[in-house]
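S.K.: fold the stuff below for me.
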Amino acid sequence: MKPTVFSGVQPSGIPTIGNYIGAMKGFVDLQDDYDTTYCIVNQHAITVYQDPKTLSQSTRMIAALYVAIGLDPNKSIIFIQSDVPAHAQAAWLVLCQTGLGELERMTQFKDKAQKQELVSAGLLSYPALMVADIVLYDAQYIPVGEDQKQHLELTRNFVDRFNNRYGKDLLVKPEPMIPSSGGRILSLQDPTSKMSKSDVNTRGFISMLDEPKTIIKKIKSAVTDSVGEVNYDKENQAAISNLLDIYSALSGRSIDDLVNEYHSAGYGKFKSDVADQVVAVLEPIQQKYYRLIDNQELTDILIDGAKAANETATRTLSRMERAIGLTYKPSLYV
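M.R.: Numbers count the residues shown, from 1 in each chain. Alright, predicted model coming up:
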């Protein structure tokens, strides 16, 4: 039996190549060696106000991109969170056994609360929903970035607490799966900051749906330095090192190999080839995305994924409810 992996992504805009390199590309690589479940967590998105039409469109967009990058519905379960009621039901069980202080200490809550006019109870308690997302699928491994480690620790603490109270090994305690490389792609205009789709300077990031001519223009206008040589030196040549990370991640070539080729070739030639490599990777993804986005094929994939996810999640939820005592007809559970 393959080890299990779960991951979810919010439908909060078009992902960047930083998101693709740091997370999404790795999802595809995991399919052959792991039992993988991938979820578009649209219920997480509503902790702050979302335009209903935009949220619906963004949810389908992320699903289409998942399939377009190579997630195979024959190998992975791909579904929308709100199609599986067990997520919200299990989140209540998690909340009832999670301390208020644990939620208030979450870094993302503190950061987001400072930026919101209305701080909803959902914003405080959504980490419990994240815990539910994970435990429902008996996930052994969770691909995480540095900014998500705290949420995973909350999950691990909950599993320990639940198993200690109600029975050994009732829930699986997940382990982090941290990318070995390419986990932090930086802004093309400010190499001291992570590439972000919310960057006010749109030249700082490459969207996965940017047109080829836009991609080329953004990379050619990326900041560099006055050194004039291509070296991998994150301290003194952060911008060039960032372009090398992008090129290496998308081409499969080593950093050393790229430095040897481009060391004295000049920044113009180097940036042109980086742009060509990005286009070569994104263009086929975009073609498949546009074929899927309004196609019944995508709807069928999500319906089938929801059915499979419901089966697994409902089974785990029933196990949790029985352990807690939320039953009144024991004969039904023999």
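S.K.: number of residues surrounding residue 118?
M.R.: Close neighbours of residue 118, defined as other Cβ atoms under 10 Å, add up to 7. (Glycine included, C-beta is placed from N, CA and C.)
S.K.: same check, this time on residue 211
M.R.: Residue 211 has 13 neighbours, counted by other Cβ under 10 Å.
S.K.: cool, residue 235 as well?
M.R.: 6.
S.K.: can I see the domain layout of this protein?
M.R.: Domain segmentation of the chain under automatic domain parsing yields 4-182+295-333, 202-290.
S.K.: so which of those is nearest residue 195?
M.R.: Smallest distance to residue 195 across those (Cβ to Cβ): 3.6 Å, for domain 4-182+295-333.
S.K.: avg pLDDT for that closest one?
M.R.: Taken as a whole, domain 4-182+295-333 carries a mean pLDDT of 91.
S.K.: now the domains of the chain as TSV including distance to residue 192?
M.R.: Formatted as TSV, the domains of the chain follow (distance: least, Cβ to Cβ, whole Å):
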stretch	distance to residue 192
domain 4-182+295-333	14
domain 202-290	7
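S.K.: need the helices for the protein, in chain order.
M.R.: 17-19, 25-30, 42-45, 52-69, 86-95, 100-104, 107-113, 121-135, 149-166, 212-220, 238-251, 255-262, 267-292, 296-324 (DSSP state H).
S.K.: from what I can see residue 9 touches residue 41, true?
M.R.: Yes: using Cβ atoms under 8 Å, residue 9 is in contact with residue 41, at 6.7 Å.
S.K.: so residue 218 sits against residue 207, correct?
M.R.: No: judged on Cβ under 8 Å, residue 218 makes no contact with residue 207 at a distance of 9.4 Å.
S.K.: of residue 9 and residue 41, who's got more company?
M.R.: residue 41 (22 against 19).
S.K.: beta partners for the nearest residue in space to that one that is not next to it in sequence?
M.R.: Spatial nearest neighbour of residue 41, chain neighbours left out: residue 8 (4.0 Å); criterion: Cβ to Cβ, 6 or more residues apart in numbering. Beta-bridge pairing for residue 8 (DSSP bridges): residue 39.
S.K.: from residue 44, how far off is residue 8?
M.R.: Distance from residue 8 to residue 44, counting by Cβ to Cβ, to the nearest Å: 7 Å.
S.K.: residue contacts, the spatially closest residue to residue 65 that is not a sequence neighbour?
M.R.: Leaving aside its chain neighbours, residue 65 sits nearest to residue 289 (5.8 Å; criterion: Cβ to Cβ, 6+ apart). When contacts are counted by Cβ atoms under 8 Å, 6 or more residues apart in numbering, residue 289 touches 64-65, 68, 209.
S.K.: and the nearest residue to residue 12 once chain neighbours are set aside, how many neighbours?
M.R.: Spatial nearest neighbour of residue 12, excluding adjacent residues (Cβ to Cβ, 6+ apart): residue 45 at 6.1 Å. Residue 45 has 20 neighbouring residues, counting by other Cβ under 10 Å.
S.K.: just the one 3 residues further on next, same as before
M.R.: The burial metric for residue 48, expressed as a neighbour count using other Cβ under 10 Å, is 15.
S.K.: next: residue 264.
M.R.: By the criterion of other Cβ under 10 Å, residue 264 has 10 neighbours.
S.K.: equivalent analysis for residue 7, please.
M.R.: Neighbourhood size, residue 7 [other Cβ under 10 Å]: 24.
S.K.: list the contacts for it?
M.R.: Residues in contact with residue 7 (Cβ under 8 Å, 6+ apart) are 23, 27, 36-39, 142-143.
S.K.: buried residues in stretch 9-28, which are they?
M.R.: Going by neighbour count (16 or more other Cβ atoms under 10 Å), the buried part of stretch 9-28 is 9-12, 14-28.
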